[in-house]
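Enquirer: what's the 3D shape of this:
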Amino acid sequence: MNTQVLGISVDSEPCLNAWAESLGGITYPLLSDFWPHGEIAKRYGVLRGEGYSERAIFILDKKGIIRYIDIHDIDKQPENGVLFDFIGRMDPDVAGRYAAMQVQSQEPVELPHGGVVMYCTSWCPGCRKARYFFNEHNIPYREVDITTVPAAAEQVKKWAGGNRTTPTFDIDGTIIVDWDESKLREVLKDQL
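Expert: Numbers count the residues shown, from 1 in each chain. Below is the predicted model of the structure:
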């Protein structure tokens, strides 16, 4: 979408590196606003008195002018579609590419059923724990990445009360939202 994503945090570089590593790596640069502590967050009006920043998204145009601000609860984030729509309104060429992507993503997709299906992301720590658990116990499972299969993301939102919670499991019709080893053991007791 002709856009550069940057992550900025008041944490130090080692903390940012550890966080990115815990997610299995990320695809965009992380910047440390550690020293002087929170100077960028302060300039953008999102540094809290406690010394950490609000969770916020800023979209700047090519001239560096802030065109969009979203400050939200740490556990919430806007849908990517809202951000893509805004970016598309800023750049008509991008809007056309995004519209084409939307048409492709609305094509019907048959989600897998039966056995163990894990709806996940590549970076989720709970998903990594689940993969290890299944492999350790020789339990066959299928993965569906909710970041690449929009129908899967919508299904997870229905199961998880409107959230895109990963991992979410469909085990022969029994739904388990989030990593919970005791629930998995209970449902899979015949296979353990």
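
Enquirer: measure residue 157 to residue 166 for me?
Expert: Applying C-beta to C-beta, to the nearest Å, the value for residue 157 to residue 166 is 11 Å. All C-beta atoms are positioned from the backbone trio N, CA, C, and that covers glycine.

Enquirer: These two - which one has more neighbours?
Expert: Higher neighbour count among residue 157 and residue 166: residue 166, with 26 against 16, using other C-beta atoms under 10 Å.

Enquirer: before we move on, what SS does that one have?
Expert: Of the three states, residue 166 takes coil under DSSP: H, G, I helix; E, B strand; the rest coil.

Enquirer: ok, it touching residue 123?
Expert: No: applying C-beta atoms under 8 Å as the test, residue 166 and residue 123 come out as separate, 9.1 Å apart.

Enquirer: Could you break the protein into its assigned domains?
Expert: Using automatic domain parsing, the domain parsing of the chain gives 7-105, 116-187.

Enquirer: got the contact list for the residue nearest to residue 86 when sequence neighbours are not counted?
Expert: Residue nearest to residue 86 in three dimensions, not counting chain neighbours: residue 68, with 5.2 Å by C-beta to C-beta, 6 or more residues apart in numbering. Taking C-beta atoms under 8 Å, 6 or more residues apart in numbering, we find residue 68 in contact with 57, 58, 59, 83, 86.

Enquirer: what lines up beside the strand or helix carrying residue 68 in the sheet?
Expert: Counting by DSSP states H and E, the element that carries residue 68 is strand 66-72. Paired neighbours of strand 66-72 in the sheet (DSSP bridges): strand 55-60 (antiparallel).

Enquirer: now the partner strand, how far from the centre of its chain.
Expert: 16 Å (C-alpha atoms, centre = their mean, to the nearest Å).

Enquirer: before we move on, could you check phi and psi at residue 29?
Expert: phi -70, psi 140 (degrees, to the nearest 10).

Enquirer: Next one: the residue lying closest to it once chain neighbours are set aside, what pLDDT does it get?
Expert: Computed as C-beta to C-beta, 6+ apart, the closest residue to residue 29 that is not its neighbour in sequence is residue 6, at 5.6 Å. Listed pLDDT for residue 6 reads 88.

Enquirer: now the one 3 residues further on
Expert: On pLDDT, residue 9 comes in at 92.

Enquirer: Residue 17 - that's part of a strand, no?
Expert: No: counting by three-state DSSP, residue 17 falls outside a strand, being helix.
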